[in-house]
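Trainee: missing the sequence, but the structure's below:
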């Protein structure tokens, strides 16, 4: 019986003591370890399985952490974490107070750069390589591992463009598996496919033309071939580019055959790979599906409606429309800046554009949002999925800054629906014709209306822009909530004594604010509490304080929301509890009034 090699490895120092012939066994053990943990704890599976051989080879050949290794996005970095001093705590991955699901510098020197959004690895590694040169260190290696979906982003090409005119000791490794979260798209994907199939002329190499020493494609799951090539490239100075072909989900049959589903499959049987079904009967719909089904229904009735998403057709549920109207719904790849300006261009021609971008990713297109949309007052409809706390993906993915960064932009309308009925109604209202761009933010996860699709889909009511709504009368304290967090407020009020003391208002519109209603509230109540699932700095509560200051009101205002820190990973309920906006937290706060 073979001894377990993985159990003897605490760090790459131990890994390098192994004979090269032992590495295939280690690769199998590492795969099994990842599968065993993710099957129970959940997380990103397929990407890490695909790069097991590459991960081992990189740490075996290079002298990490002195040689720096940067993983783009970080979905594929589980094996890296396990081999770099975190095997014994890997079971805490993505858990409250555990390790992050993505590389992060605070976890140790082996994580050279924190990542969570894509396409940053080349620029970061180039910056490190140039810094090494400036310090007189020309031997240090700087490696960026980037996927074929991520390398299509503009920022990746900005990094390649710069690197090609330097003498930086940089190795860019393309992990080409033809899939990101969804299948990769675009002309660049077709280019790499042609290379893999031997259909691209040798002289037609765009990477080589950028002054990179180019090699590959080679089988990235052949550990001996990868090690041989890495050792060769280790001796070559200047910018280098290695094209590896890997199989996402390698080693788990179901993950290889269904790479989209097994990107992050949830709980599954580690021995068979079968996903453990969740009990989803009679549950409210996911907000993303409310968006997707509503936009599809509206598109059937209005041929001017188009949809855009940057590489998230499944996650955003725009795939519903893409399947029915493939010429009117566009996955533009990991290119948020392009997505926003593309939407702006379409809007100038009279198209009604639903641009669906996760809240955290719209940050990447802030300049385009201001200059190309708002400054020109183009009525693009931004649908910001995953707004608020998203859970286990942690600080890089929480959509908690959107209210603050949107609220300061002239011409923007900002709406946060209370529930799925309000979401479908604002989506309907937006396509009736607005004079300004609008951002509609809604959370990850499910709503509160069990029979939404059967009972409400297609039965629309237009919403008056800028109007707040009284949900519950009260006598002493006014609670002003914005968005779906208002459901936590309602639940808390049902569970406390003397709830008759509290009035509850839904301010779905953060901009424009319902100032008529606010004058009434400030004239009636001495105590006001605002509740939001965004940052308290510059968000909804700040707008209420600004109103009070402008009009010289002296009511006491307490702002509840996300504190001025980066919130780490954990379940949504755990993180809401930490921030003081869970149902239980609100019950305690309200009871103190």
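Mentor: Arrived safely, thanks for sending. Since this is a predicted model, take the numbers as computed values, not measurements.
Trainee: Residue 410 against residue 374, yeah?
Mentor: Yes. Using CB atoms under 8 Å, residue 410 is in contact with residue 374, at 6.3 Å. Yep, even glycine has a C-beta here, placed from its N, CA and C like the rest.
Trainee: who has more neighbours, these two?
Mentor: Using other CB atoms under 10 Å as the criterion, residue 410 and residue 374 rank with residue 374 on top: 20 against 10.
Trainee: That one contacts residue 409, correct?
Mentor: Yes. Counting by CB under 8 Å, residue 374 touches residue 409, with 4.9 Å between them.
Trainee: Now do the contacts for the spatially most central residue of the chain.
Mentor: Centroid-nearest residue in the chain: residue 397, 4.6 Å away (criterion: CA atoms, centre = their mean). By CB atoms under 8 Å, 6 or more residues apart in numbering, the contact list for residue 397 reads 116, 358, 360, 386, 390.
Trainee: before we move on, what about residue 82?
Mentor: Contacts of residue 82 (CB under 8 Å, 6+ apart): 6, 30, 33, 34, 90.
Trainee: List the residues that contact the first one.
Mentor: By CB under 8 Å, 6+ apart, residue 6 lies in contact with 26, 29, 30, 33, 82, 87.
Trainee: May I ask which two of those are separated the most?
Mentor: 26 and 87 (12.1 Å; CB to CB).
Trainee: More neighbours: which of those two?
Mentor: residue 26 (22 against 18).
Trainee: Would you check that residue 81 makes contact with residue 90?
Mentor: Yes. Between residue 81 and residue 90 there is a contact at 6.3 Å, judged by CB under 8 Å.
Trainee: ok, now how distant is residue 551 from residue 178?
Mentor: 58 Å (CB to CB, to the nearest Å).
Trainee: oh sorry, the question was meant for residue 11
Mentor: Taking CB to CB as the measure, residue 11 falls 33 Å from residue 178.
Trainee: Ok, residue 42 next?
Mentor: Taken as CB to CB, the span from residue 42 to residue 178 is 25 Å.
Trainee: Could I get the contacting residues of residue 381?
Mentor: Taking CB under 8 Å, 6+ apart, one finds 352, 353, 354, 355, 427, 430, 431, 434, 437, 438, 440 in contact with residue 381.
Trainee: now those residues as TSV including distance to residue 67 and pLDDT?
Mentor: Formatted as TSV, the entries for the contacts of residue 381 read as follows, by distance: CB to CB, whole Å; pLDDT from 0 to 100:
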residue	distance to residue 67	pLDDT
352	51	98
353	45	98
354	45	98
355	41	98
427	50	98
430	51	98
431	53	97
434	53	95
437	46	98
438	48	98
440	46	98
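Trainee: Can you tell me which of those has the most neighbours?
Mentor: residue 355 (31 neighbours).
Trainee: about what we covered before: would you list the contacts of residue 82 in JSON lines and tack on secondary structure, pLDDT and distance to residue 328?
Mentor: Rendered in JSON lines, the data for the contacts of residue 82 read as follows (DSSP: H, G, I helix; E, B strand; the rest coil; pLDDT from 0 to 100; distance: CB to CB, whole Å):
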{"residue": "6", "secondary structure": "helix", "pLDDT": "95", "distance to residue 328": "50"}
{"residue": "30", "secondary structure": "helix", "pLDDT": "96", "distance to residue 328": "44"}
{"residue": "33", "secondary structure": "helix", "pLDDT": "94", "distance to residue 328": "45"}
{"residue": "34", "secondary structure": "helix", "pLDDT": "93", "distance to residue 328": "40"}
{"residue": "90", "secondary structure": "helix", "pLDDT": "92", "distance to residue 328": "44"}
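Trainee: for the longest strand seen in the chain, packing partners?
Mentor: Longest strand in the chain, counting residues (DSSP state E): strand 527-535. Secondary-structure packing of strand 527-535 (3 or more CB pairs under 8 Å, 6 or more residues apart in numbering; DSSP states H and E): helix 402-407, strand 477-481, helix 486-494, helix 540-550, strand 556-562, helix 583-591.
Trainee: Out of the contacts of residue 381, name the ones that lie in strands.
Mentor: Filtering the contacts of residue 381 for strands - DSSP E - leaves 352, 353, 354, 355, 438, 440.
Trainee: what's near enough to touch the fourth one?
Mentor: It refers to residue 355. With CB under 8 Å, 6+ apart, residue 355 has these contacts: 307, 308, 309, 339, 340, 343, 380, 381, 382, 383.
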